[in-house]
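Enquirer: below are the sequence and a predicted model; questions follow.
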Amino acid sequence: MARAVRATQVEIETAVQALRDGELVAFPTETVYGLGANAQNPAAVRKIFAAKGRPAAHPVIVHLDSPRFLHRWVREVPQAATRLAESFWPGPLTLVMPRAPQVHDVVTGGQDTIAIRVPAHPMAQQLLTAFGGGIAAPSANRYGRLSPTRAEHVREELGDAVRIILDGGECQIGLESTIVSFEGANIRLLRPGSVTAAQIRQVVGEVLIGAAGESPRVPGSSPTHYAPLTPMTIVPAGEIDAQADAASAGGRRIAVLAQRLPLRSHKYVTWINAGRKPESYSRDLYNNLRALDRGGCQRILVQDVPEGERWDAVRDRLLKAATSIAESDDGTTGTRAVLP
């Protein structure tokens, strides 16, 4: 189990002052590290977009220490949202609700909705309580790349763009939050996470899965996201050894993320066995992909994960990581394939 670290009073006071000065602060949550700015300061929030290379139309999640400040950000709280907040906050659930009139477009991507979360990580709670307001915070990485689950990941990607990085150790969940929106009478799951559709249904009844034409844009909704720099392919579980052999023919270096040990030795293959438990696989996913990405390999092969709701969030992240434009095996440019 990852250890949740608390910050010293001096660290918190320094981070709060940086936020009030319009600077960026990276901080841990139980999901991934966030890149935070004062959500009431549009110029500060724009620094997030500049540091990440994030498109301006993409909304950011506003983090609060509790629902006590919801009235500053939300025009109307649906009854279903109240029930979900009571059940899962603080925790890895983001709720998309009608924005309050004073909320700036830079936070919402110009939409009439706003995404809100109350994180559970003790250091995030320390920071939010001391700041006394909302902190806009997408994941603390370059846009489209692997989210950071350790403080050193933030340093590697963003460097001097961040005034302060609060180090809370490794994130306990390791994948971004579940996102739910409220569209008329419908409740819709827009991004899977560790709070599952079944858990949500137990609280509010029927839940629609996936975005529809009228659904708001939310973080992580791009078809390409969460991707390593190395081209990545998803391989059927029973074919991972054969595909590793074929891809490494001629001495090409290949990386593999699997749920078991290899059946035989592969001379030019770096192999990580991530195990079969969805919780530990999820927690370690981005760190494992980062390790393989740094290995100087020409392709990453990922064993397809099992069916079932407990794997939905992992499957979502892997599919988005394996669908960007990448260099193909013969050196030409093409769409990164996902094998059936």
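Expert: Here it is on my side, so go on. Numbering: from 1, shown residues only.

Enquirer: in terms of secondary structure, what does the helix or strand in which residue 96 is found contact?
Expert: Per DSSP states H and E: residue 96 is located in strand 93-98. Applying 3 or more Cβ pairs under 8 Å, 6 or more residues apart in numbering; DSSP states H and E, one finds that strand 93-98 contacts helix 79-88, strand 113-117, strand 178-183. For every residue, glycine as well, the C-beta is placed using N, CA and C.

Enquirer: need the winner for burial among the ones you listed.
Expert: Most buried of the helices and strands packed on strand 93-98 by mean neighbour count (mean count of other Cβ atoms under 10 Å) is strand 113-117; its value is a mean of 26.

Enquirer: give me the low-pLDDT residue ranges for this protein?
Expert: Scanning the chain for pLDDT under 70 picks out the ranges 1-5, 323-340.

Enquirer: break it down into its domains, please.
Expert: If you go by automatic domain parsing, the domain ranges for the chain are 9-209, 232-335.

Enquirer: okay, the ones you listed in a markdown table with distance to residue 224 next?
Expert: Below are those laid out as a markdown table (distance: least, Cβ to Cβ, whole Å):
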| stretch | distance to residue 224 |
| --- | --- |
| domain 9-209 | 6 |
| domain 232-335 | 4 |
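
Enquirer: so which of those gets nearest residue 220?
Expert: Residue 220 lies closest to domain 9-209 among these, at 5.1 Å (Cβ to Cβ).

Enquirer: ok now the closest one, how far from the chain's centre?
Expert: 10 Å (Cα atoms, centre = their mean, to the nearest Å).

Enquirer: how far does that domain stretch from start to finish?
Expert: Domain 9-209 stretches 42 Å from its first residue to its last (Cα to Cα, to the nearest Å).

Enquirer: same check on stretch 245-264?
Expert: Stretch 245-264 has an end-to-end distance of 10 Å (Cα to Cα).

Enquirer: about what we covered before: go through the domains of the chain and pick out the most buried.
Expert: Of these, domain 9-209 is the most buried (mean count of other Cβ under 10 Å), at a mean of 20.

Enquirer: so which of the helices and strands packed on strand 93-98 gets nearest residue 58?
Expert: Minimum separation from residue 58 across these (Cβ to Cβ) falls at strand 113-117, 10.6 Å.

Enquirer: what is the subsequent helix or strand relative to that closest one?
Expert: Strand 113-117 is succeeded, C-terminally, by helix 122-131 (DSSP H and E).

Enquirer: which neighbouring elements make contact with that next one?
Expert: Here helix 122-131 touches helix 9-20, strand 25-28, strand 33-38, going by 3+ Cβ pairs under 8 Å, 6+ apart.
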